[in-house]
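[1] predicted model follows, preceded by the sequence.
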Amino acid sequence: MRIRAAVLREPGCPVAVEEVELDPPRADEVLVRVAAAGVCHSDVRLADGELGEGRWPMVLGHEGAGVVEAVGDRVSAVAPGDHVAFSFVPACRACRACLAGRPNLCEPAARHSLAGMLMDGTSRLHADGEVLQHGLMTACFAERAVVAAAAAVKIPPELPLWQAALLGCGVVTGIGAVRNVARVGRGDSVCVIGCGGVGLQVVTGARLAGAGQIVAVDRSRENLERARTRGATDVVETGDERTVRAVRKLTGGGADHAFEVVGSPETIRLAWGAVRPGGQVVVVGLVPRGVEVSVPGIEFLSDKSLRGTYYGSGDAARDIPELAELALTGELDLAGVVTHRTDLDGVEEALGRLRHGNGARTVVIVDEELAG
Ligand SMILES: [Zn+2]
Ligand SMILES: [Zn+2]
């Protein structure tokens, strides 16, 4: 079928809407009518060519929600009419990582995602005979998306789809980093560096975990205000060396946990300086390919740890429905992080806002009626 989709032709060229051809779902795949999609910093990294060569032409968009329209012969987990949020790691449940209980690191999913293909290594997207890549196996800046069945996670239909659109990346990643990686405990002190779409979810996760102190750090006063309304107890408006002193002072010698949600060597260094001996730094931000990060090695003697995380380091198929329930009970405020709404033609402008650090999250409303 013909669909409208936002296509990255090559880095440096504006992402623009084109009519492209979408093939029907194969046996283990589903066709989803997209209601809404969130614009994430990873889309900027992809659009700017910072995640490696050859990742174009590509239909972008990896966090979104919609309604299942058709399913392949072997699909039983979802049926037409179901509301779903996309997960961009459709775990195979059979590889070494999956069997070790780390489905976020599913090996075939990682391999095909990097190639821009679905789980069988092929694409359903093309234009004028040319194959298009599926952005992070999702490609949901489009009217319809064909994804692996495991990438369409069923959610309660009561949750408005424009809010559910945020679940599959920012929310899973931010709250997963708190719960599954740092395992923040009641009364712990937490520092969050970078309070955009994902950073605000880290703040929320820390509040839900019962953190005693949540220090939010950002250069943008608006982002800090949003962090405050979501549970930050203190805010620091800088992004330079003074940050470390300020956080140490506020937390009486350093935080128990620091989350870096920017993806730059400087802010990772700040996060390292902001934790106390025995504390840990979790790097949630996406660092461009080829960029090195360094910290003063002597400080490993203080039992500090520095670790990474991918996609919340949990199981999205389990976490997404649970987070959707939290959103329904009001414990998780999804609407509050949305600063802009646009349509498919507004994707490039939304990427521009993220490049300049303006606003938290743009939601692309693909289908007004479905989005709610
Ligand atoms: Zn994302
Ligand atoms: Zn796997």
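    That came through, no problem. Ligands and ions are numbered 1, 2, ... in the order given.
[2] every contact and neighbour count from this point should use C-alpha atoms.
    Will do.
[3] quick one: mean pLDDT over the top helix by length along the chain.
    Taking DSSP state H as the criterion, the chain has its longest helix at helix 316-329. Computed over helix 316-329, the mean pLDDT rounds to 96.
[4] can you classify H340 as helix, strand or coil?
    Three-state assignment for H340 (DSSP: H, G, I helix; E, B strand; the rest coil): strand.
[5] what about the nearest residue to it once chain neighbours are set aside, how many neighbours?
    Excluding its sequence neighbours, the residue lying closest to H340 (Cα to Cα, 6 or more residues apart in numbering) is T362, at 4.5 Å. T362 has 26 neighbours, counted by other Cα atoms under 10 Å.
[6] so T362: helix, strand or coil?
    strand.
[7] can you give me the distance of it to ligand 2?
    31 Å (Cα to the ion, to the nearest Å).
[8] hmm, that residue is touching D343, no?
    No: T362 lies out of contact with D343 (Cα atoms under 8 Å); the separation is 9.8 Å.
[9] quick one, what contacts whichever residue of the stretch 201-350 of the chain sits closest to ligand 2?
    Nearest residue of the stretch 201-350 of the chain to ligand 2: D315, at 11.3 Å (Cα to the ion). For D315, the contacting residues are R102, P103, N104, by Cα atoms under 8 Å, 6 or more residues apart in numbering.
[10] please repeat the previous calculation with a cut-off of 6 Å.
    P103 (Cα atoms under 6 Å, 6 or more residues apart in numbering).
[11] so how far is R93 from it?
    D315 sits 11 Å away from R93, going by Cα to Cα, to the nearest Å.
[12] what's in contact with stretch 83-90?
    With Cα under 6 Å, 6+ apart as the criterion, stretch 83-90 contacts 64-67, 136-137, 150-155, 157, 168.
[13] next, F86: phi, psi?
    Dihedral angles of F86 (phi, psi; degrees, to the nearest 10) stand at phi -80, psi 140.
[14] the residue lying closest to it once chain neighbours are set aside: how many residues sit nearby?
    Of all residues not flanking F86 in the chain, A152 sits nearest, at 4.9 Å (Cα to Cα, 6+ apart). Using other Cα under 10 Å, A152 has 31 neighbouring residues.
[15] and for T138?
    Residues near T138, counting by other Cα under 10 Å: 30.
[16] E292 now?
    9.
[17] measure the nearest residue to it once chain neighbours are set aside to ligand 1 for me?
    Excluding its sequence neighbours, the residue lying closest to E292 (Cα to Cα, 6+ apart) is P265, at 7.0 Å. Per Cα to the ion, P265 is found 20 Å from ligand 1.
[18] and P265, what pLDDT?
    At P265, pLDDT is 96.
[19] wait, E260 sits on V283?
    Yes: using Cα atoms under 6 Å as the test, E260 is close enough to V283 to be in contact (4.8 Å).
[20] and the two? which has more neighbours close in?
    E260 (29 against 25).
[21] all strands for the stretch 1-150 of the chain, in order.
    2-8, 16-22, 29-39, 58-59, 63-71, 83-86, 125-127, 130-134, 144-148 (DSSP state E, counting those that start in this stretch).
[22] mind listing what A77 touches?
    For A77, the contact set (Cα under 6 Å, 6+ apart) is empty.
[23] I'd like the numbering to begin with 57 instead of 1 from here.
    All right, first residue 57 from here; so that's A133.
[24] residues from the chain in reach of ligand 2?
    A147, C148, R149, C151, C154, C162 (Cα under 5 Å from the ion).
[25] repeat that for 6 Å
    Contact residues (Cα under 6 Å from the ion) of the chain with ligand 2: A147, C148, R149, A150, C151, A153, C154, P159, C162, E163, P164.
[26] is ligand 1 within reach of the longest helix of the chain?
    No: using Cα under 6 Å from the ion, helix 372-385 stays clear of ligand 1, coming no nearer than 13.3 Å.
[27] residues of stretch 72-84 that come out buried?
    A72, V73, E74, E75, V76, E77, L78, P80, P81, R82, D84 (16 or more other Cα atoms under 10 Å).
[28] closest one of those to G232?
    D84 (27.0 Å; Cα to Cα).
[29] about what we covered before: who does the residue nearest to H396 bridge with?
    For T418, the beta-bridge partners are V95, H396 (DSSP bridges).
[30] please list all residues in contact with it.
    Listed by Cα under 6 Å, 6+ apart, the contact set of T418 reads G94, V95, V394, H396, R397.
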